[in-house]
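A.B. asks: Whatever this is, show me its structure:
(chains A and B, ligands or ions: 4)
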Amino acid sequence: MVTKVVEKFRTMKTPLLSILKELQKDQGYLTEEVLKEVAKELGLSPARVYGVATFYSLFSVTPKGKYIIRVCESAPCYINGTMNILEMLQDELKVDVGETTLDGLFTLELTSCLGVCGVAPAIMVNEEVYGNLDREKLSHLLSRCRGM
Amino acid sequence: MENNNKVTLKINGIQVTVPAGSTILEAAKIAGINIPTLCHHPDLETSGVCRVCVVEVNKGRPLQAACVYKVAEDMEVETATPVVREARRLNLELILSRHPQDCLSCVRNQKCELQDLAESFHIEEISFPIKGKAYEKDDSNPSVVRDQEKCILCRRCIEACIQLQGVEALGVANRGADSTVGPFFNKPLQDVVCTFCGQCIHACPVGAIYEKDDTARFWEAVAAPNKHVVVQTAPAIRVGLAEEMGMGVGSLATGKMVTALRRLGVDRVFDTDFTADLTIIEEGSELVERVTGGGTLPMITSCSPGWIKFCEHYYPDLLDHLSTCKSPQQMFGALAKTYYAEKSGINPKDIFVVSIMPCTAKKFEATRPEMHDSGHQDVDVVLTTRELGRMLREVGVQFAELPEEEFDKPLGISTGAGAIFGATGGVMEAALRTAYVLVTGQELEEINLYDCRGLTGVKEAVVPVGDLEVKIAIAHGLANARKLMDMVRKGEADYHFIEIMACPGGCIGGGGQPVPTTMASRDKRIAAIYREDERMVLRKSHENEAVKALYDEFLGKPLGEKSHHLLHTKYIPREL
Ligand code: SF4
Ligand code: SF4
Ligand code: SF4
Ligand code: FES
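C.D. replies: Ligands and ions are numbered 1, 2, ... in the order given. Next comes the predicted model:
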């Protein structure tokens, strides 16, 4: 698997990003084994490949939940209560930013502006944006995700 | 005046002419002006991330990092204007605000570049909120401890590991305020490819990487009434310890070192130089046997445990090329608990072997499962030059004032050939001095083999030994070793014998030597090692009477059965 993907991109000038992007599709994140193999194939050190995989927010080296919740941390959302939203989510899900709930359902992340400042504070759950959030709307949303 | 290779500029109004391509930092030094630095290291290509070295270039333009910015004709540089000083101060305060404020309990207290800067900038208050980060210390391995909380993200360790050692065990992970420096997946060094050479310790400006401290085990053994504590000192300690004790780089203090160890209460002060001489006899015989008997060539030296681990990870297919000889440290341990135990009538289980080594990898080597051939762990504890220095300072030994004493007999008797093991090329030179006799039956006339000496990364020579033209190569620093090993792998290395030492300059530049260790200090320590060689009455290993007696009384003959059991070893392939 890794060898095949590496071969596909090997001739590119900087193949690493494309390779990692392709490989991440498989499990939704990049495992230790995969990164080690990529390093070996490209003749790079594992430490360097790990550095690249953790530098770009598009990659993840930890498993992601079924629902990735991204809380907008841009100024308008911040003024309108991002911090409260974030606290509520941390409380409710018992995870910190960057972590995934034990049941594997949710991953909590921060994001830059979602472009919906008119409805701040806003979050994104997978590809869907939700605005004008308060405690009630939020717990409603989480229940829906939990299939309750 | 313009000239292709020279550039003339003004620094603080002083006109200087410097080589084209110099950085402002280098040019300023020529003009007698020091610019403060933190992420810059004189021996490494560094990336200019700390911005402590900013200067004004042609007034009114944004400040530039002097350690990376190149000089140009007619440039006007200001290094001490209010703008410059203010910017540097803010950069430094920002770094300090993310750094623990606990110098008093730090291994680098008073030997720390960050502390020095804080002192010279007269930092009284830090204008940013102090917010450190909590990280767990990595003390997973016997050699090197990493304390990420102290890391200021200068990346010098990464560059040392890449540029000097060709390993790259460390890298930058994450981004922005979350950036960290560490191994793959922030694993313990034990679980990644790391040679434990400790060169990253010398690169680190602060106390974020250091040796595992084993001094408590030494004190415990010395205090235990039933322990007979014997010490061995590596060749490089006689030049490192004096420096550690403030006597200046390149000071040689063999006799004071012996006295100092006695004052700490050990029972015998022996010398690794003795087993270095022994190594030459065993390894020289092995070489002759391989050359005449069609064994695997080139044969490669095996006395540097960082190099051995590197080879086990990266060249597991070439382990047959390694001499089977244990390192002198391990030969000593095995003999102390057999030959010496027998001779002195002391139960080997009561003998406690302490090594004073310039090397962090030796700590790991002593714990290898292969190193128990005496029936016990052959070497009980390995202390670096720095640890010995700390112990001596703690109990107030006035090193510079000490009288000079002699090593104990018989394991303290050695020749100049044993001493030069401490420098790159030294093992080769010592081996050739003896191989010549083994092969031709005659003594070398000129025993100073200058082709073996010096800081060139890879040295090569052809040495006539009787009818045989012996082809040799020498590498120091694992990045240089890699060049030779790639040739060996491709079958392009038609040498008979290769010497490899993991650390730049050899053991005198080991990861346990005084901080700072730079190319300049390595050079001076090497000069001291050759002074020691010149000082010795005997300078060839085969002339060592104690070694001869060891064969007569105990070992039998070189490469004999007892030698094989106690002095030789095997290597294990390791994962990448
Ligand atoms: S690394 Fe330097 S500044 Fe930091 S605690 Fe240690 S001595 Fe102090
Ligand atoms: S001990 Fe040597 S190999 Fe390991 S990280 Fe430090 S420099 Fe690299
Ligand atoms: S561990 Fe030391 S050398 Fe490495 S980045 Fe941190 S401060 Fe710099
Ligand atoms: S010393 Fe120049 S940027 Fe750090």
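A.B. asks: what's around the closest residue to B:Glu543 other than its chain neighbours, how many residues?
C.D. replies: Nearest non-adjacent residue to B:Glu543, counting by C-beta to C-beta, 6 or more residues apart in numbering or on different chains: B:Thr415, 6.0 Å away. All C-beta spots, glycine's among them, are computed from the backbone N, C-alpha and C. B:Thr415 is flanked by 28 other residues according to other C-beta atoms under 10 Å in any protein chain shown.
A.B. asks: how much space between B:Thr415 and B:Ser327?
C.D. replies: To B:Ser327, B:Thr415 is 18 Å away according to C-beta to C-beta, to the nearest Å.
A.B. asks: Also B:Lys362?
C.D. replies: Distance from B:Lys362 to B:Ser327, by C-beta to C-beta: 8 Å.
A.B. asks: Now for the two: what residues contact both?
C.D. replies: Common neighbours of B:Lys362 and B:Ser327 (criterion: C-beta atoms under 8 Å, 6 or more residues apart in numbering or on different chains): B:Pro305.
A.B. asks: mind checking the SS state of the residue in chain A that ligand 2 sits nearest to?
C.D. replies: With C-beta to the nearest ligand atom as the measure, A:Ala47 is the residue of chain A nearest to ligand 2, at 9.1 Å. Three-state call for A:Ala47 (DSSP: H, G, I helix; E, B strand; the rest coil): helix.
A.B. asks: Tell me the pLDDT of it.
C.D. replies: In this prediction, A:Ala47 carries a pLDDT score of 97.
A.B. asks: and the spatially most distant residue from the centre of chain B, helix, strand or coil?
C.D. replies: When distances to the mean C-alpha position of chain B are computed (C-alpha atoms, centre = their mean), the maximum falls on B:Gly60, with 45.2 Å. Using three-state DSSP, the structure places B:Gly60 in coil.
A.B. asks: give me the low-pLDDT residue ranges for chain A?
C.D. replies: Chain A contains residues with pLDDT under 70 at A:148.
A.B. asks: who in it is up against chain B?
C.D. replies: Selection of chain A residues close to chain B by C-beta under 8 Å from any C-beta of the partner chain yields A:32, A:35-36, A:40, A:45-51, A:54-55, A:57, A:61.
A.B. asks: switch the cut-off to 6 Å
C.D. replies: Neighbours of chain B within chain A, by C-beta under 6 Å from any C-beta of the partner chain: A:Glu32, A:Ser45, A:Pro46, A:Ala47, A:Arg48, A:Tyr50, A:Gly51, A:Thr54, A:Phe55.
A.B. asks: excluding its backbone neighbours, what's nearest B:Asp408?
C.D. replies: Using C-beta to C-beta, 6+ apart, the closest residue to B:Asp408 is B:Arg268 (4.5 Å).
A.B. asks: just B:Lys570 next, same as before
C.D. replies: With C-beta to C-beta, 6+ apart as the criterion, B:Lys570 has its nearest non-adjacent residue at 6.4 Å, and that residue is B:Glu370.
A.B. asks: can you count the residues close to the one you found?
C.D. replies: 14.
A.B. asks: now do the one 5 residues further on
C.D. replies: Each residue near B:Gly375 was counted by other C-beta under 10 Å, and the total is 11.
A.B. asks: for B:Asn12, same thing?
C.D. replies: For B:Asn12, the neighbour count with other C-beta under 10 Å is 15.
A.B. asks: quick one: it from B:Pro62, how far?
C.D. replies: 19 Å.
A.B. asks: need the helices for chain A, in chain order.
C.D. replies: A:2-9, A:15-27, A:32-42, A:46-55, A:75-79, A:82-93, A:135-145 (DSSP state H).
A.B. asks: Out of the ones you listed, flag the one nearest ligand 3.
C.D. replies: Nearest to ligand 3 among the helices of chain A is helix A:46-55; the distance by C-beta to the nearest ligand atom comes to 12.1 Å.
A.B. asks: What does B:Leu383 show for phi and psi?
C.D. replies: Main-chain torsions, B:Leu383, degrees, to the nearest 10: phi -120, psi 140.
A.B. asks: cool, and B:Val181?
C.D. replies: According to degrees, to the nearest 10, B:Val181 has phi -120, psi 130.
A.B. asks: Quick check: bridge partners of it?
C.D. replies: B:Val181 forms beta bridges with B:Val172, as assigned by DSSP bridges.
A.B. asks: list the contacts for it?
C.D. replies: B:Cys151, B:Leu153, B:Leu170, B:Val172 (C-beta atoms under 6 Å, 6 or more residues apart in numbering or on different chains).
A.B. asks: Double-check the last one against A:Gly51; I have them as touching.
C.D. replies: Read that as B:Val172. Yes - with contact defined as C-beta atoms under 6 Å, B:Val172 and A:Gly51 form a contacting pair (5.1 Å).
A.B. asks: Where does the stretch 201-350 of chain B get nearest to ligand 4, residue-wise?
C.D. replies: As assessed by C-beta to the nearest ligand atom, ligand 4 sits closest to B:Pro205 within the stretch 201-350 of chain B, at 9.6 Å.
A.B. asks: quick one, what contacts that residue?
C.D. replies: Residues in contact with B:Pro205 (C-beta under 6 Å, 6+ apart) are B:Leu38, B:Glu113.
A.B. asks: repeat for A:Glu41
C.D. replies: A:Glu41 makes contacts with A:Val6, as judged by C-beta under 6 Å, 6+ apart.
A.B. asks: Name every strand pairing with the strand or helix carrying B:Glu469 and say which way it goes.
C.D. replies: Using DSSP states H and E, the element containing B:Glu469 is strand B:468-476. Looking at strand B:468-476 with DSSP bridges, its partner strands are strand B:458-465 (antiparallel), strand B:497-501 (parallel).
A.B. asks: Buried deepest among those strands, which one?
C.D. replies: Highest mean neighbour count among the strands paired with strand B:468-476 (mean count of other C-beta atoms under 10 Å in any protein chain shown): strand B:497-501, with a mean of 28.
A.B. asks: touching ligand 2 at all, that one?
C.D. replies: No - if you take C-beta under 6 Å from any ligand atom as the test, strand B:497-501 misses ligand 2, and the best it gets is 13.2 Å.
A.B. asks: State the mean pLDDT of that strand.
C.D. replies: In this model, strand B:497-501 has an average pLDDT of 98.
A.B. asks: which ones are touching residue 132?
C.D. replies: Unless you meant another one, I'm taking chain A. Residues counted as contacts of A:Asn132 (C-beta under 6 Å, 6+ apart) are A:Val119.
A.B. asks: meant chain B, my bad for not saying
C.D. replies: Taking C-beta under 6 Å, 6+ apart, we find B:Gly132 in contact with B:Pro100.
A.B. asks: Pop the domain breakdown of chain B in here.
C.D. replies: Domain segmentation of chain B under automatic domain parsing yields B:6-95, B:215-567.
A.B. asks: With distance to A:Met83 as added columns, please give the ones you listed in a markdown table.
C.D. replies: Output for those, formatted as a markdown table (distance: least, C-beta to C-beta, whole Å):
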| stretch | distance to A:Met83 |
| --- | --- |
| domain B:6-95 | 24 |
| domain B:215-567 | 45 |
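A.B. asks: right, so of the ones you listed, which gets closest to ligand 1?
C.D. replies: domain B:6-95 (9.6 Å).
A.B. asks: check whether that closest one contacts chain A.
C.D. replies: No - using C-beta under 6 Å from any C-beta, domain B:6-95 stays clear of chain A, coming no nearer than 13.2 Å.
A.B. asks: State the distance spanning the first to the last residue of that domain.
C.D. replies: End-to-end distance of domain B:6-95: 36 Å, with C-alpha to C-alpha, to the nearest Å as the criterion.
A.B. asks: Put together JSON lines for the strands paired with strand B:468-476, with distance to ligand 1 on each row.
C.D. replies: Output for these, formatted as JSON lines (distance: least, C-beta to the nearest ligand atom, whole Å):
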{"stretch": "strand B:458-465", "distance to ligand 1": "35"}
{"stretch": "strand B:497-501", "distance to ligand 1": "29"}
